[in-house]
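Trainee: sequence first, then the predicted structure:
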Amino acid sequence: MRSEVFDHLLSKLDIHPVLIDIGASDAPPKIWERIARHSVYVGFDPDLRDLHEVSDSHFYRATIVNQAITSDKQGDEVLFYFTKSPYCSSTLKPDLNSLSNFIFSDLFVVEREAKVRATSLDAVMDRLSLPCIDWLKTDSQGTDLRIFNSLRAEVRPRVLAIDIEPGLIDAYVSEDLFVDAHRELTQNGFWLSNLNVCGTVRMRRSTLREVMAFNKDISYELVEKTVKKSPGWCEARYFRTIEWLAQGDFTKRDYVLLWTFALLDDQVGFAIDLGIKYERVFGKDDVSLIMKEEPISRIRPDRHKMRFTAKSLPFRIMRRLQKLWHTNLSC
């Protein structure tokens with residue numbers, strides 16, 4: 001997968017995607033790496049026990065906010081449950097009764113409760129002077145949908161991509177489950193681009209302790225590796241539909257960014273759809289030709305074997321890129 005087209009388009013058109021990462025205990029999503037130097041990155045996590053530093057040079061601009069994100073726009077504090085694993089900490093209380101059926105239940109044991117500083121996405125956008133949110137990734141442990149819905153009316157409809165990690169089981173009290181999030185997002189202009197179902201072993205921890213007591217060869221790690229896992233949560237990625245763009249006042253910038261996001265997720269067919277739609281809405285230009293030619297060039301039986309450099313880009317695409325030096329598409 002070549003990145004030169006992304007670099008040229010985003011540079012020449014002076015586009016800086018706004019990427020929001022809620023639940024940034026891990027490193028920024030890998031899918032953003034190829035556009036990182038062009039992007040404005042904002043990460044959130046009130047549990048800093050396992051937070052990776054974000055190099056300012058890696059992104060066009062990077063900010064880490066040590067506050068919880070809440071859908072309540074009135075409060076500046078929220079009760080936060082710090083669990084044994086920082087990846088399970090949440091503003092929602094773990095549902096230990098439901099979790100007791102699963103082997104990883106100990107990870108959700110609450111070690112302490114504390115009021116932490118909280119903010120809303122709207123407040124952060126104002127504080128950092130962000131003109132929009134292009135891609136929202138939220139792993140808030142149970143509140144992904146309500147956080148997205150908390151965005152003000154003029155911002156929410158213009159989000160082009162959203163990554164969520166909703167539950168398939170009741171891990172938290174009153175959490176936003178996948179069935180609820182999927183229904184609402186697809187009814188409001190998104191389509192599901194990628195779904196990774198994750199899980200754990202459905203086995204009570206107390207049962208495992210009994211087994212380990214009379215069979216020393218059995219361990220937690222062995223059971224985790226060898227016993228079938230049951231679905232527990234999923235990683236879901238959604239992109240805006242072309243129909244949604246068509247009914248709004250979306251700009252060239254929006255089409256180019258959604259096209260970029262589609263190719264980052266290897267949605268070649270959708271990228272071609274966007275290129276054709278762009279041309280019908282804005283007319284034929286060098287951008288529209290790149291938006292069609294680049295994804296089409298990836299439909300090759302041997303493309304997974306090829307290694308590209310800037311010099312190996314098709315000549316016609318390079319010529320299109322050279323003409324874009326003075327184009328500027330605003331947010």
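Mentor: In hand now; what should we look at?
Trainee: and the strands in the stretch 101-250 of the chain, which stretches?
Mentor: With DSSP state E, counting those that start in this stretch applied, the stretch 101-250 of the chain shows strands at 110-119, 135-138, 161-164, 190-200, 230-240, listed in chain order.
Trainee: mean pLDDT lowest for which of the ones you listed?
Mentor: In terms of average pLDDT, strand 110-119 trails the rest of the strands of the stretch 101-250 of the chain, at a mean of 90.
Trainee: list the contacts of that strand.
Mentor: With Cβ atoms under 8 Å, 6 or more residues apart in numbering as the test, strand 110-119 has contacts from 46, 65-70, 72, 75-84, 91, 93-94. Just so you know, the C-beta spots here come from the backbone N, C-alpha and C atoms, and that holds for glycine as well.
Trainee: PyMOL command for the buried members of these?
Mentor: To isolate the buried members of the contacts of strand 110-119 in PyMOL, using 16 or more other Cβ atoms under 10 Å:
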select buried, resi 46+65+67+68+69+70+78+80+81+82+83+91+93+94
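Trainee: in a markdown table, list the strands of the stretch 101-250 of the chain along with mean neighbour count and distance to S11.
Mentor: Compiled in a markdown table, these are given as follows (neighbours: other Cβ atoms under 10 Å; distance: least, Cβ to Cβ, whole Å):
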| stretch | mean neighbour count | distance to S11 |
| --- | --- | --- |
| strand 110-119 | 14 | 32 |
| strand 135-138 | 24 | 18 |
| strand 161-164 | 23 | 21 |
| strand 190-200 | 15 | 25 |
| strand 230-240 | 20 | 23 |
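Trainee: how about the helices in the stretch 1-150 of the chain?
Mentor: 4-12, 96-99, 121-128, 144-149 (DSSP state H, counting those that start in this stretch).
Trainee: CA atoms only for stretch 173-187, dumped as CSV, please.
Mentor: What follows is stretch 173-187, C-alpha atoms only, in CSV (Å, rounded to 0.1, in the frame of the first residue of the first chain):
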residue,chain,number,x,y,z
VAL,A,173,-23.9,-1.1,34.2
SER,A,174,-26.1,0.6,31.5
GLU,A,175,-23.4,0.6,28.8
ASP,A,176,-23.9,1.3,25.1
LEU,A,177,-24.0,-2.1,23.5
PHE,A,178,-23.1,-2.9,19.8
VAL,A,179,-26.7,-3.6,18.9
ASP,A,180,-27.7,-0.1,20.0
ALA,A,181,-24.8,1.7,18.5
HIS,A,182,-25.0,-0.1,15.1
ARG,A,183,-28.7,0.6,14.7
GLU,A,184,-28.3,4.3,15.4
LEU,A,185,-25.2,4.9,13.4
THR,A,186,-26.5,3.1,10.3
GLN,A,187,-29.8,5.0,10.6
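Trainee: just how off-centre is that stretch within its chain?
Mentor: Taking Cα atoms, centre = their mean, to the nearest Å, one finds the center of stretch 173-187 at 16 Å from the center of the full chain.
Trainee: on that earlier part again, tabulate the helices of the stretch 1-150 of the chain (CSV), appending distance to F190 and mean pLDDT.
Mentor: Compiled in CSV, those are given as follows (distance: least, Cβ to Cβ, whole Å; pLDDT from 0 to 100):
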stretch, distance to F190, mean pLDDT
helix 4-12, 22, 88
helix 96-99, 28, 94
helix 121-128, 17, 92
helix 144-149, 10, 95
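Trainee: of the ones you listed, which is nearest R253?
Mentor: R253 lies closest, by Cβ to Cβ, to one member of these: helix 4-12, at 10.2 Å.
Trainee: may I see the buried residues of that closest one?
Mentor: For helix 4-12, the neighbour count (16+ other Cβ under 10 Å) marks E4, V5, F6, D7, H8, L9, L10, K12 as buried.
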